[in-house]
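Enquirer: Pasting the sequence and the predicted coordinates here, then a few questions.
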Amino acid sequence: MKTRFLLYTAIIVLGILQSCDEIEEPYTKDDAFIWNGRKSVIFDITGHTCGNCPRAHETINELVKKYGDAVVPIAIHGTYYAVPVETEDTTTPFHYDFRTDIGDFLTGRGVSTGYYGELYLPTGMVNSYAIEDLTGQNSWETKIAEYISLYPEFLIEIEGENNIADSSLNCSIKITTNNESSRKLSLTVFVVEDHILQWQKDYAATPQDIKGYEHNHILRAGFNGPFGETIKDNNNLTSVGETINKSYSIKQNKSWIISNCLIVAFVYDNDTEEILQAEVFPFQK
């Protein structure tokens, strides 16, 4: 009798387990998630006179709060929404110039269009340079969820230096193959800055023109251009542990607060334009 009871119990338990939905990665519970080291770059194309752009900034803040170091945002001010008021009076709203040569090339300057053509802000991309991957902020978390549990194919290490003597920023980048790969690769290295307090238009605020708005993740410059440089130009198989080393230097802009700056480096596939891994080096106060 006892044996029969145990058998029935086992059958019932097995039936319950088989009826449960299959758990798909990444497994989440109470906002926890599985992260295996793959970082996601978010290109946030924005502008200080874009009244809807603060919604994208809020989305990024929520994603950073939820996913932490797995998210690497880069805010690119561009299009006519980035045009500053021409004045020497620094108290004038929207006098500050967030624009960069890279931002101008990618998004256009004023009414002219850039590499990505005519843009409607806010817009951006997750882990991609490809034009077809431009999307609004409501899709960004879905895209991150596709990558969050993946193992990185490459690992990146950054060593940065603020050379006060010649006002330069220097960095050494080491890319290590983490999984065997036959991809053609490029490396892009940017400087971004946090905690810039300047004007921002926000259609949801009263008044709409906000003084002292905190701008974060702002693209300041590139060490090697808007698309970086090719670091592997063939499809030869690279083995686990193989490394590529690069070094760069740029002149600082006197408007930058270096203690608020970060070096962001990421590797991407030349053919698919998918960003495969990123890393950040923060300068310390």
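Expert: On my side now, so go ahead.

Enquirer: Ile74 versus Val267, what's the distance?
Expert: Separation of Val267 from Ile74 (C-beta to C-beta, to the nearest Å): 15 Å. For glycine as for every other residue, the C-beta is placed from the backbone atoms N, C-alpha and C.

Enquirer: Would you list the phi and psi of the residue lying closest to His195 once chain neighbours are set aside?
Expert: In space, His195 comes closest to Asn260 once its chain neighbours are excluded; the distance is 4.9 Å by C-beta to C-beta, 6 or more residues apart in numbering. When read as degrees, to the nearest 10, the backbone of Asn260 gives phi -100, psi 0.

Enquirer: can you count the residues close to Asn260?
Expert: Using other C-beta atoms under 10 Å, Asn260 has 16 neighbouring residues.

Enquirer: How much space separates Gly103 from Leu237?
Expert: Counting by C-beta to C-beta, the gap from Gly103 to Leu237 is 37 Å.

Enquirer: all helices of this protein, in order?
Expert: 2-19, 53-67, 101-107, 140-147 (DSSP state H).

Enquirer: out of Gly103 and Leu237, which sits in the more crowded spot?
Expert: More crowded of Gly103 and Leu237, by other C-beta under 10 Å: Gly103, with 26 against 11.

Enquirer: Return the distance of that one relative to Ile144.
Expert: Taking C-beta to C-beta, one finds Gly103 at 23 Å from Ile144.

Enquirer: and if you look at Trp35?
Expert: 10 Å.

Enquirer: which residues do those two both contact?
Expert: Common contact partners of Trp35 and Ile144 (C-beta atoms under 8 Å, 6 or more residues apart in numbering): 67, 70.

Enquirer: Compare neighbour counts for these two and give me the winner.
Expert: With neighbours defined as other C-beta under 10 Å, Trp35 and Ile144 compare such that Ile144 has more, 21 against 16.

Enquirer: Show the contacting residues for that one.
Expert: If a contact means C-beta under 8 Å, 6+ apart, then Ile144 has 40, 42, 63, 67, 70-71, 126 as its contacts.

Enquirer: please redo it, this time with the cut-off set to 6 Å
Expert: Ile144 makes contacts with Ser40, as judged by C-beta atoms under 6 Å, 6 or more residues apart in numbering.

Enquirer: I'd like to know how far it sits from Asp133.
Expert: 13 Å.

Enquirer: between Val267 and Ile74, which one's more packed in?
Expert: Set side by side, Val267 and Ile74 show more neighbours around Val267, with 26 against 21, by other C-beta under 10 Å.

Enquirer: Would you mind measuring from that one to Thr100?
Expert: In terms of C-beta to C-beta, Val267 sits 21 Å off from Thr100.

Enquirer: Also Tyr67?
Expert: With C-beta to C-beta as the criterion, Tyr67 and Thr100 are 26 Å apart.

Enquirer: more crowded one of those two?
Expert: Taking other C-beta under 10 Å, Tyr67 and Thr100 do not tie; Thr100 has more neighbours (22 against 18).
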